[in-house]
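Student: compute the structure for the input listed below.
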Amino acid sequence: MFRFWNNIDINRSGTIQWQSSTVSSTTGFANIGTGLATYGTGILTTNTYYRAILSNGICASQTTTGVAIMINPILTPSVNIAGSANNICSGTGVTFTVTSMLNGGASPTLTWKLNNNTVSTNSTSYSNASLSNMDVVKVEITSSELCVSSPTATSTGITMSVNGVSIPSVSITGSANNFCQGLITSVGYNAVSTNGGANPSYTWKLNNVSVGSGSSYTNTSVADGQTISVEMISTATCANPISVTSNIITLTVNSVPASPTAGVFSAVCVGSVSIFDLTATGIGLNSLKWYATNISNTTITAPTVNTANTGTTTGFVSQTTGAGCESGRTKVEAVVNANPTVSISATPTAICLGSSSQLSVTGAANYVWQDDNSTSNPRTVSPTATQTYTVTGFDSNNCSNTFVVNVTVNTLPGISASNLNNICIGSSPVPVFTASGVGLRWYTQQNGGVPASSPNTISSTQAGIQSVWVESFENNCPSASRVQVSITVDSRPTVQSLTYNNNGLYCSNNVSGIGLTNASAFSGGTFAGTGGVTVNNNIGNSFGSITPNNAIGAITITFTSAMNGACPSTRTSAVITITNYPGKPAISYGSSTTTEYCQSGNITAPSITVTNGAFTSNLPTNKLASDGSVNDLSNVAVGSYTINYSVAGVGGYYNCKSTKFRHIITFVKSTNMYWFNGKFSIIIGNRCS
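Tutor: Numbers count the residues shown, from 1 in each chain. As a prediction, the model looks like this:
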C-alpha cells in the first residue's frame, strides 16, 4: 500500500467547510473539517477527492471543484513493438511501431536501436529501407512515471529476415512475325518468364489494349503494324518490380503485289522480228518469276517466241517483293500471226510514155505505196520511165507483206515526113506519100479514124491540097502525134486577054496613059514589047503600062504568066498602034488681031502651013467651008464662035491630030484672027456701024 501526504490550500475568506470523497470528484463527499484555509490530509492510501464549501454571512455558499489526490502504485515500465513487415526483400522499407507501452508515464522517452545502436529517438515509429538479414530492431523506454521499479525498459527485439531481390522478366515469341497477306490468318504467341514465381499472372495486349490472359495468346485478326506484348505480375519472393512488360513484337503483314502486266505482242508477225522472250512489267524492284503453267511450282526462264512460224507461245509470270510476297500469276502469250498474201497487178503492165496504168492490190486490209507513201487502191500511175512499184499490205493484225510490180514505159516511136513537091494537074505518074518511122499507120484525118498500112493514092485530076496523116506504131505505142503530109496539085495558070485602054490606039504625043484596062487581072508574070517600047513589070495598078520610047506604028505586047507551082507558064499578046503626031499647024485669017466681024460679008479662007487638016466650028451649019472660009455672016447671030483646025497624025489613028488652031469671032463687027493655044480664033461682034 502506498501512502501519500498532501496539503490542500484555499485562498478565500469566510467560513470553510472541507469535504472528501473516494468515489468521484462530484459525489460521495463527507465533511472532514472546518475553519482553516489549509487542510492536511494525513497519510492517504487511496485516491481521495477534496473540496471546500465557502460561506460568508448571508451570501450563498460556494463549492470549489473537487481536487483529486491520486495515490500511485510502484510501477514497472514496459514497451512492445511490431514491424510492418518481416521476411522482406532487400531494399524493402519497414516501419517499426510501438504497439504498446506500460508505465511509461505521460512523457516517456523512446530510443530506437538497430543492432544495439541508437538510430532514432522520441518517436513511436522507426522506418528503415536498408535492412539486412538478421538485423535486430528494438526500442528502449524511459518512463516519466514517478513511481517506477526501474526507469527504463527495453522491448523484445525483432530479428529481420531479409531476402535478396528477384528481378522478374518476361519475353514473348510468335509463330510468325513477318509474312505475306493472306498466307497466315492467325499467329500464336507464348510468354517465357523468369522469376515469375509459382503462379504469375499475364495480361496480353494488342496495340496496347488488353486482349487475353495466360501464358499464351492467339491473334486471329492479324494486320500489318499490330503490336503484341504481355504484362506479367510475378509471385516470386522479392520480385522487383512485380509487374514487367515483355518485348513488343510488331507484326509485319506484307502486302501481296498485283500481278505483273503482261507484255503486248498482238502485232507479232511471221519474220517481223527475230526470236524474243515473253516480257512482263512488275512494280519497282520486284522480281519476276516465270512458270510454264498457272499451277506449276517450278520456275522457268521467260519463254522464247520463235517468229519463224505461226503459233502461240504462253507463259505465266508473277512478281515477288523484297519481303518475299508473290503475286498472282499473269498469263502472257504472244501470237505469231501469218503475214497476208498480197497480190498486185498493173493494167496494163506496159504503157506508152505519157499514158497511165492502174495498179490494184488484193489480200490485205490496208496498203502503203513506198514511192509516195500513199494509200490509194487502186492507184493510177503515169511513170516517165520503166518503174518498179512496191506496195506493203497490212492485215487486221498489222502484219504485212511487200510485193512489187513493174510498169514498163515504152518510148514513143519517132515519126518524120515532109510534104511532097507540087505537081501540075494532070501529071503522070503521080508521086506516093512517104514517111520515116516504124510500123507506119496512115489516116485520112488528124484524130481518130481507122489506120491503114499504106497511104491513099494521090489524084492529079483535081487541083488543090491533098493531105494524109501518119504515125509510127511500136510496142503498141503510137508516136506522140500524127504528122500531116500534103501535096499540092497546082492548076495550070489561066491568062486573060490583054486589053489596053483606047482600044490600043495612041498618038505619039500622048503615050503616058497607055495601060491595061484589066491590069489587076495580071500578076506574077512578065511583059515584053516590040519596037523598043518599055513595059512596066512592077506589079500594081500600072502593071503592064507602056513607055513607047518614040516607037511608031503597030507594037506587039506579050505577057508571059508565072508558073503556077509545078505548072508551066502561059503566054498571051496584044497589038497596040502608036500614030505619029503631026505637029502644030500654022493658019492665018488675014491679020492675026482681027477677031470681030460685022454681020455681013464673008470670012475668006486662011493660009495654012500644015495641010491635010480639018476645020470644025460651032458656027451654024454650012457656014464653015472645008477650006476654013465662012460664008455669009448676015444671018449669023451676034455672039462668039470658035473655028478649030487640026491635022491627023501619020499611022492611021484618026484621033491623033494636031493641036487645034482656034479663031474666035465676036460681035460680028470686025474680024480679028490670032493664034491661041494652037488654034486660030475669029470673033464676030455687033459693034459694026
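
Student: quick one: the strands in the stretch 351-500 of the chain, in order.
Tutor: Here the stretch 351-500 of the chain has its strands, by DSSP state E, counting those that start in this stretch, at 357-362, 366-369, 379-381, 387-394, 400-410, 415-416, 423-424, 436-437, 441-443, 464-471, 473-474, 477-478, 483-490.

Student: mind putting the ones you listed into a markdown table with mean pLDDT and distance to Thr121?
Tutor: For the C-beta atoms, the positions are set from N, CA and C on the backbone; glycine is no exception. Formatted as a markdown table, the strands of the stretch 351-500 of the chain follow (pLDDT from 0 to 100; distance: least, Cβ to Cβ, whole Å):
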| stretch | mean pLDDT | distance to Thr121 |
| --- | --- | --- |
| strand 357-362 | 95 | 126 |
| strand 366-369 | 95 | 117 |
| strand 379-381 | 95 | 129 |
| strand 387-394 | 94 | 115 |
| strand 400-410 | 93 | 116 |
| strand 415-416 | 94 | 157 |
| strand 423-424 | 91 | 180 |
| strand 436-437 | 94 | 159 |
| strand 441-443 | 95 | 160 |
| strand 464-471 | 94 | 157 |
| strand 473-474 | 93 | 153 |
| strand 477-478 | 94 | 149 |
| strand 483-490 | 94 | 160 |
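
Student: with mean neighbour count and distance to Cys59 added, can I get the ones you listed in a markdown table?
Tutor: As requested, the strands of the stretch 351-500 of the chain are exported to a markdown table (neighbours: other Cβ atoms under 10 Å; distance: least, Cβ to Cβ, whole Å):
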| stretch | mean neighbour count | distance to Cys59 |
| --- | --- | --- |
| strand 357-362 | 18 | 160 |
| strand 366-369 | 18 | 151 |
| strand 379-381 | 16 | 162 |
| strand 387-394 | 18 | 150 |
| strand 400-410 | 17 | 152 |
| strand 415-416 | 16 | 191 |
| strand 423-424 | 20 | 212 |
| strand 436-437 | 16 | 194 |
| strand 441-443 | 20 | 193 |
| strand 464-471 | 18 | 190 |
| strand 473-474 | 17 | 188 |
| strand 477-478 | 20 | 183 |
| strand 483-490 | 18 | 193 |
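
Student: including distance to Ser243, could these go into a markdown table?
Tutor: Conversion of those to a markdown table gives the following (distance: least, Cβ to Cβ, whole Å):
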| stretch | distance to Ser243 |
| --- | --- |
| strand 357-362 | 91 |
| strand 366-369 | 82 |
| strand 379-381 | 95 |
| strand 387-394 | 80 |
| strand 400-410 | 81 |
| strand 415-416 | 125 |
| strand 423-424 | 148 |
| strand 436-437 | 126 |
| strand 441-443 | 126 |
| strand 464-471 | 124 |
| strand 473-474 | 119 |
| strand 477-478 | 115 |
| strand 483-490 | 128 |
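
Student: out of those, which is closest to Thr64?
Tutor: Set against Thr64 and scored by Cβ to Cβ, the strands of the stretch 351-500 of the chain come closest in strand 387-394, at 142.0 Å.

Student: pull the residues that contact that closest one.
Tutor: Residues outside strand 387-394 that contact it (Cβ atoms under 8 Å, 6 or more residues apart in numbering) are 340, 342, 344, 346, 359, 361, 363-371, 381, 400-407, 409.

Student: pairing partners for that strand, with directions?
Tutor: When sheet partners are counted by DSSP bridges, strand 387-394 sits next to strand 366-369 (antiparallel), strand 400-410 (antiparallel).

Student: nearest residue to Asn447 in space, please, no chain neighbours.
Tutor: Distance criterion Cβ to Cβ, 6 or more residues apart in numbering; nearest residue to Asn447, sequence neighbours excluded, is Arg482 at 7.7 Å.

Student: tell me the pLDDT at the one you found?
Tutor: On the pLDDT scale, Arg482 is placed at 94.

Student: same check on Thr556?
Tutor: Here, the pLDDT recorded for Thr556 equals 89.

Student: same check, this time on Ser143
Tutor: 93.

Student: again with Asp371
Tutor: Looking at Asp371, its pLDDT reads 92.

Student: quickly note the distance from it to Val409.
Tutor: 14 Å (Cβ to Cβ, to the nearest Å).

Student: spatially central residue for the protein, please.
Tutor: Centroid check for the chain by Cα atoms, centre = their mean gives Asn373 as the closest residue, at 19.3 Å.

Student: report the contact partners of that residue.
Tutor: By Cβ under 8 Å, 6+ apart, the contact set of Asn373 is empty.

Student: just give me the neighbour total for the residue nearest to Asn447.
Tutor: By other Cβ atoms under 10 Å, the residues close to Arg482 number 22.

Student: my guess is it contacts Phe473. True?
Tutor: No - using Cβ atoms under 8 Å, Arg482 is not in contact with Phe473; the gap is 10.8 Å.

Student: out of the strands paired with strand 387-394, flag the one nearest Ile249.
Tutor: strand 400-410 (62.3 Å).

Student: CA atoms only: put that closest one into PDB for me.
Tutor: Presented in PDB, the C-alpha positions along strand 400-410 are these (Å, rounded to 0.1, in the frame of the first residue of the first chain):
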ATOM      1  CA  SER A 400       2.400  -7.000-143.600                       C
ATOM      2  CA  ASN A 401       3.800  -8.300-146.700                       C
ATOM      3  CA  THR A 402       5.500  -6.500-149.500                       C
ATOM      4  CA  PHE A 403       5.100  -7.100-153.200                       C
ATOM      5  CA  VAL A 404       6.300  -5.400-156.400                       C
ATOM      6  CA  VAL A 405       5.000  -4.900-159.800                       C
ATOM      7  CA  ASN A 406       6.800  -3.500-162.900                       C
ATOM      8  CA  VAL A 407       5.300  -1.000-165.200                       C
ATOM      9  CA  THR A 408       7.200  -0.900-168.500                       C
ATOM     10  CA  VAL A 409       7.200   2.500-170.200                       C
ATOM     11  CA  ASN A 410       7.800   2.300-173.900                       C
END
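
Student: what would the strands paired with strand 387-394 look like in JSON lines with distance to Phe522?
Tutor: Below are the strands paired with strand 387-394 laid out as JSON lines (distance: least, Cβ to Cβ, whole Å):
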{"stretch": "strand 366-369", "distance to Phe522": "73"}
{"stretch": "strand 400-410", "distance to Phe522": "57"}
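
Student: returning to what we had before: quick check: the residue nearest to Asn447 vs Ile458, distance?
Tutor: Noted for Arg482: a distance of 18 Å to Ile458, by Cβ to Cβ.
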